[in-house]
Every structure is written in C-alpha cells, then in structure tokens.
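Visitor: Here's a sequence, model it:
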Amino acid sequence: MEKSFTKFDRVRSSIGFILSPILFISIILLPTPQSFINYIQSNFQHLSPEEILEVSYSMKIVLALLVMMVTLWITEAIPIPATAILPAVILPIFKVTGITGNEIYHFNGKNVLANYANPIIYLFLSGFLIARAMQKWNLDKRITYSILNFRNLAEQPKLIVLALIFISAFLSMWISNTATTAMLLPLVIGIVSITKSNNDNFQKALSLSIAYGASIGGVATLIGTPPNGICVSIMRTSGIGDINFLEWMKLGLPITLISIPVIWILLTGIFSVNEVKIQNGKNFISNLKEKLGPISKGEKLTLFSFFILLILWISNPFWEVILQDNLFNQLKYFDENIIALTVALLMFFIPVDWKNKKFVLDWNDSKFVDWGTLLLFGGGIALSDAMFKTGLAGLIAKTTINMTGNLSPLLLILVIVIFIDFLTEVTSNTAVTSMMVPILISISIGLNIDVKLLALAATFASSMAFMLPVATPPNAIVYGSGYLKITDMIKAGFILDILAWLIITFVLLVFGDLIFQTVNF
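Guide: Numbering: from 1, shown residues only. Modelled structure (predicted):
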C-alpha cells in the first residue's frame, strides 16, 4: 500500500508540474473575456475606458494565478510554501491593478509584500515560539503523563482512548497538530507494547485517537491551526469582517468539546477494546513521569507565561469596560497580535539559569518555527487581496449565485461544509481556505448574509479531514506507524466526516447565532 501511495504521489506531482504553467500561459494568452469587462463597467462606473480595460486584464491575470496556484497546491508539484510566494512575483511583473474605494490600486512589490507581514503572521510566529517553549522544557509531556496517571485510568482501555483524544485536542489548541501527534505516537507504541489482546483493535483506536484529537483541537483557538488565521486575516484585510480570539473560542471550543465524546464513541464502537488487558499500565505511565524528574524552573516559567498570555487574550475584548479611560487609551493598540508577540519576546528575557545564560527561549529555538506556514499565510492573503480588488472574487460569486439561486443560509452551510470537508481529504486545508474564503465572502455579500457565516463554516470544515493519510499530517504520522490499514481510516473517517458536518452546522446555528450572536443566520 505504501509503495502504490508513493507512486500515486509521484504521478500526481508530475502532472501538476507540467499542467500548472500550461494553464497559466493559456489563460494569459486568451483575450480578456467580455464578462470581465462588463462586470467592471457595471460595478465601477466612475472608471475611464482605459482603466476598465486595465482592471479587466488584471482580473484575467489573477484568474491565471489562482488556477496555477490551485493546481500546484492540489498536486504538490513544488513545496506548498513555495507556491505561496507566486503572488509576490506574478502580480508586480504583470502590473496588476485593482480598485479600493474609488481609487486605482497598484499591486507593486511594496503593496504585495505587505501581505507577507500581515499582523496575523506575527500572531502565529508568537504561537510557534510559545509552543516551542512548552516542548523544550517538556511541559507538554508532563501535562500528558499527569492526565494519564490519574487514578487507575491507565489500566482501562476505553478511558485511555478518551484521555488520548482529550490530551491531543488540548495540546493542539496551542501546539501544531503535527508536533502533538509526533509527541504522542511513542506513548501509543509504549501502551501497545504492554497490552494483551486477541486482535489489533486497540492499537487502531489509540492511533486514530491522537490523530483525530489533534485535528479537532486545532479548531478551538485562533492559533490552533493555520486555516483559522488565514480566514481571520482575509476578513480583516477585506475590511468587511473581524473576529477576535475570544469570539473564535465561542465557536471553535464547542466544536472541539462536542467532537471529543463523538470520536470516542465512534472509535470504541468500530474498534472494540472490551477484551483488551493492560499490564501495569499505571506503572508504565508513572515511570515515564518520574523520568521527567521534579517540575523544572523552565517549566514553571513557561507555564506562568502561558497563563499570562491566556488571561490577556481572553480579557482583551473587555479592557474598554474594566480599565480606566486613560489606561485603556494607552493600551488601545495592544491587540491580540501584540499581546502574543510581547509574551513570546519576554521569553527571551526570562532567565532559567542566569549564571549559564539560559533563558526560557534562545535564538536556536527559532529553527523550530514553521516558516513555511508563515509564508503560506502571506501567499493566501496576497492572493485573496488580489481577488477582491480586481473584482474576480465578486464575479465568481455573482456567477455562482446566478447558477444556484438564492439559497437559504442554512442550506448553504450544509453544502459548503460537506464540500470543503471532502475537498480537504486530498488538498491542503490551508490552500483550500486561501482560495475559498474570498469567494464565500463575496457570495455572502451578494446574498446579503453575514460575511462571517460562510467563511467560518468553510474554515472549520477544512480541519475535518479524517479519511485518508494524505488529508492531514496527523493522519499521515499514525498511518506510518504500521498499526493501521487505509481501510481502517476510511471506515472510521467517512462516518466522522459526516458527523463533523452536522456538528459544525449545529454549533454555528446554536452557539454562533442563538447563544453568542457571533454570526447571524
């Protein structure tokens, strides 16, 4: 199976490598479609004939860029972050112009590259550094072993599966889902080694518990997974929507909390663990915890910094109410991005061992930052900015509305979630979010519904890919353990994809609209 998977990967990337430039050049060589010109004429009547042609041509260039990037992202012909750099090169070379307000906007190098320094990128940079501190001082492992060491939990197979789902979900709220899964997999291997069973169901349930837990944990917080940041940054850049850290948790956390028992019931139902016996499970976990030794100064300082970060993030929306006017005015620009950057920066100043010049973080820790993901943010934001300002997103939305009619928000949610859910089984979820959110925002405007509704639905759905090893890094990691067949993942993952579809719709309707009014149906 692994050999055929590699062969498929190789064929797919070869096709993309050849097809992407052909599509790009073909679209550029075509005359500018009359529909592009008509759309600009009808929506921007103040423009001169020359400006109309200029923007219409630019719309064609952005369409060619979009098609090439989507092809490269789907086939992974070149590294996904490398594809994200294309807007920084293509838009200035072809002198793409758009419209902002009533003014012509030029996508020169300065304007395009500004997207690669979007504030949300610094939020995730800070998140990566703080996550590195947790891993560096083994705080993530101590949390894991402490939970599993609770009473006789480590002796009960069903409860171990539940605990691992919870641990994986909690850690991936703050640490990348890839790092979370990679950290927990050796623990799974250790638990399997002390297990007596007549079948391999337990190892399958354990493997999928950490992969699925990591995926659903990422949706809970704004920094949990890159698509969350892409969605918010696109809404902010477009100037027509925003959502802060606390508002995100009002929707993301319920999805995670509802999904945890659902995944547990599903996995222990499909892969029965009733006959499993674990020998000295508590001793095994206790020994792992003892190897960490007493809680270190580095762990304490990291935990303290983490709690300060959470308090500031959660309280930030209420500062105007709880702080004195002069203090609030002084801290008015101290938003969630600057809060995260401040805490991450302070970690370079906080000494763990002053004599030996050891700090919570040092610059060597920066190599653990996922710089490729930060580039991916910039590319996604630059692409969406070009789609909005040239009118391409609006035209695609208008065409879609004309084809489908005025669907109700609830029906749109149901269609979008299931579509994105299955699309991300074979495509990068960050890439899917980058290309779909601008279009969905424009559709929302065209239908006169809440712009956040469809964008958030698509973003949540992009993290719900459970069926295939290629869908997410956690899936690939546990599949590589050898404990699973691809049919095992499809059997559990397909059902979970459908359940996630219903959970997201339920949370947006009940928590998003009826309880918190974060979105409006």
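Visitor: in the stretch 351-500 of the chain, which spans are helices?
Guide: 371-390, 392-404, 409-423, 429-447, 451-462, 473-479, 486-507 (DSSP state H, counting those that start in this stretch).
Visitor: Take these and write them to TSV, including distance to Ile104, mean pLDDT and mean neighbour count.
Guide: Any C-beta I mention is one placed from the backbone N, CA and C, and that applies to glycine too. What follows is the helices of the stretch 351-500 of the chain, written out as TSV (distance: least, Cβ to Cβ, whole Å; pLDDT from 0 to 100; neighbours: other Cβ atoms under 10 Å):
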stretch	distance to Ile104	mean pLDDT	mean neighbour count
helix 371-390	10	94	25
helix 392-404	16	91	17
helix 409-423	33	92	19
helix 429-447	20	92	25
helix 451-462	25	95	28
helix 473-479	42	92	24
helix 486-507	40	95	20
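Visitor: Out of these, which is closest to Leu139?
Guide: The closest of these to Leu139 is helix 473-479. By Cβ to Cβ, the value is 20.3 Å.
Visitor: Run through who's touching the closest one.
Guide: For helix 473-479, contacts defined as Cβ atoms under 8 Å, 6 or more residues apart in numbering pick out 177-178, 180-182, 185, 207-208, 210-212, 214-215, 465-466, 468-470, 484, 486, 489.
Visitor: Likewise for stretch 116-124?
Guide: With Cβ under 8 Å, 6+ apart as the criterion, stretch 116-124 contacts 88, 222-223, 226, 229-230, 232-233, 236-237, 335-337, 340-341, 373-375, 377-379, 381-382.
Visitor: now swap in stretch 287-297 and tell me
Guide: Trp137, Asn138, Lys141, Arg142, Tyr145, Ser146, Asn149, Leu187, Gly190, Val352, Asp353.
Visitor: How about the fifth one: what's its closest non-neighbour residue?
Guide: Yep, that's Tyr145 we're talking about. Leaving out its chain neighbours, the residue that sits closest to Tyr145 by Cβ to Cβ, 6 or more residues apart in numbering is Lys289, at 4.0 Å.
Visitor: where's the one you found, which helix or strand?
Guide: Assigned by DSSP states H and E, Lys289 falls within helix 281-292.
Visitor: quick one: the strands in the chain?
Guide: Per DSSP state E, the chain carries strands over the ranges 97-100, 103-106, 195-196, 277-278, 351-353, 358-359.
Visitor: Report the buried residues of the second one.
Guide: For strand 103-106, the buried set under the neighbour-count rule, 16 or more other Cβ atoms under 10 Å, comprises Ile104, Tyr105.
Visitor: and what of the first one?
Guide: Neighbour counts over strand 97-100 (16+ other Cβ under 10 Å) mark Thr97, Gly98, Ile99 as buried.
Visitor: Just the closest of the residues you listed to Lys300, please.
Guide: Lys300 lies nearest to Gly98 out of these, by Cβ to Cβ, at 50.8 Å.
Visitor: Excluding chain neighbours, what is closest to Ile194?
Guide: Gln279 (5.1 Å).
Visitor: so that neighbour sits right up against Val192, yeah?
Guide: No: the criterion here is Cβ atoms under 8 Å, and Gln279 misses it with Val192 at 11.8 Å.
Visitor: Those two: which has the busier surroundings?
Guide: Val192 (18 against 11; other Cβ atoms under 10 Å).
Visitor: Show the pLDDT at the more buried one.
Guide: We have a pLDDT of 91 for Val192.
Visitor: Tell me where this protein is predicted with low confidence.
Guide: Counting by pLDDT under 70, the chain has low-confidence residues at 1-6.
Visitor: how's it carved up into domains?
Guide: Annotated domains of the chain cover 7-116, 123-137+296-380 [automatic domain parsing].
Visitor: mind checking the end-to-end distance for the first one?
Guide: Domain 7-116 stretches 34 Å from its first residue to its last (Cα to Cα, to the nearest Å).
Visitor: for the shortest one, same thing?
Guide: End-to-end distance of domain 123-137+296-380: 16 Å, with Cα to Cα as the criterion.
Visitor: Tell me who's in contact with the residue nearest to Glu155 when sequence neighbours are not counted.
Guide: Leaving out its chain neighbours, the residue that sits closest to Glu155 by Cβ to Cβ, 6+ apart is Gly281, at 4.7 Å. By Cβ under 8 Å, 6+ apart, the residues touching Gly281 are Ala154, Glu155, Ile160, Ile191, Ile194.
Visitor: Next: Ile258.
Guide: Here Ile258 is in contact with Ile503, Phe506, Val507 (Cβ under 8 Å, 6+ apart).
Visitor: Pull the contacting residues for the residue nearest to Ile194.
Guide: Residues near Gln279 by Cβ under 8 Å, 6+ apart: Ile194, Thr195, Lys196.
Visitor: which of those count as buried?
Guide: Among these, those scoring as buried are Thr195 (criterion: 16+ other Cβ under 10 Å).
Visitor: So which of the contacts of Gln279 is the closest to Met249?
Guide: Minimum distance to Met249 across these is 36.1 Å, recorded for Thr195 (Cβ to Cβ).
Visitor: one step back: the strands of the chain into TSV, with extra columns for distance to Leu129?
Guide: Listed next are these as TSV, based on distance: least, Cβ to Cβ, whole Å:
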stretch	distance to Leu129
strand 97-100	33
strand 103-106	34
strand 195-196	37
strand 277-278	37
strand 351-353	15
strand 358-359	12
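Visitor: So for Ala64, which of these sits nearest?
Guide: The minimum distance between Ala64 and the strands of the chain falls on strand 97-100, with 15.2 Å, by Cβ to Cβ.
Visitor: packing partners for the closest one?
Guide: helix 49-75, strand 103-106, helix 371-390 (3 or more Cβ pairs under 8 Å, 6 or more residues apart in numbering; DSSP states H and E).
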